[in-house]
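Novice: Whatever this is, show me its structure:
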Amino acid sequence: MTPVPLPEEVAHIIQLAIAPVFTLAGIGALLNVMANRLARVVDRWRTLEGGLEDAPEDLRRLAVMELGVLDRRMARIHLAISLSTLAALLICVVIILLFTGQLTPVPVAQAVSILFVASMVFLSVALVSFLMEVRIASRTLRVTRAVLGATPKTRR
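Specialist: Predicted coordinates for the structure are as follows:
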């Protein structure tokens, strides 16, 4: 029969799980930002696609070029969201293992370490993908300014 954990042991388990929970909250905030960016890209895609049939040839060519850029952005955001979600799921498993490891005689320290490192690797790759999406969007804005002949007042 397994011994019932003491309240101090449960408190210790909760303390151990706090860091991964904060990481999970941070990933959730990032997912929110990424999902909002994806929604804006999808909205722009639908707007361009909807006006494509009636557009003159020169505007149609510009719209098709922009749709290509939007497609690349959607692919990057989708990858970032997928990897961030995978990282969050691994953090959830880490939290489960932390509790399970204290309540059962199964050693979980190595699994917790490996899963946490894997989660951070997935999150890092997700952030790189997100950065690439932001760079694609920024370059598109610069091209638009150049096409319009406008010069920015301040350079960043």
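
Novice: how about the strands in the protein?
Specialist: For the chain, applying DSSP state E gives no strands.

Novice: Scan it for its longest helix.
Specialist: Longest helix in the chain, counting residues (DSSP state H): helix 57-103.

Novice: ok, residue 60 touching residue 52?
Specialist: Yes: in terms of Cβ atoms under 8 Å, residue 60 counts as a neighbour of residue 52; the distance is 6.1 Å. Heads up, the C-betas are built off the backbone N, CA and C, glycines and all.

Novice: Could you export stretch 30-47 as PDB, CA atoms only?
Specialist: This file holds the C-alpha atoms of stretch 30-47, laid out as PDB (Å, rounded to 0.1, in the frame of the first residue of the first chain):
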ATOM      1  CA  LEU A  30       2.800  33.800 -27.000                       C
ATOM      2  CA  LEU A  31       0.200  31.600 -28.500                       C
ATOM      3  CA  ASN A  32      -2.300  34.300 -28.200                       C
ATOM      4  CA  VAL A  33      -0.100  36.800 -30.000                       C
ATOM      5  CA  MET A  34       0.700  34.300 -32.700                       C
ATOM      6  CA  ALA A  35      -3.000  33.400 -33.200                       C
ATOM      7  CA  ASN A  36      -3.900  37.100 -33.500                       C
ATOM      8  CA  ARG A  37      -1.200  37.600 -36.200                       C
ATOM      9  CA  LEU A  38      -2.400  34.500 -38.000                       C
ATOM     10  CA  ALA A  39      -6.000  35.800 -37.900                       C
ATOM     11  CA  ARG A  40      -4.900  39.200 -39.400                       C
ATOM     12  CA  VAL A  41      -3.000  37.400 -42.200                       C
ATOM     13  CA  VAL A  42      -6.000  35.200 -43.000                       C
ATOM     14  CA  ASP A  43      -8.300  38.200 -43.000                       C
ATOM     15  CA  ARG A  44      -6.000  40.000 -45.500                       C
ATOM     16  CA  TRP A  45      -5.800  36.800 -47.600                       C
ATOM     17  CA  ARG A  46      -9.600  36.600 -47.800                       C
ATOM     18  CA  THR A  47      -9.900  40.300 -48.700                       C
END
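
Novice: Look up how far residue 47 lies from residue 128.
Specialist: 29 Å (Cβ to Cβ, to the nearest Å).

Novice: Noted, bye for now.
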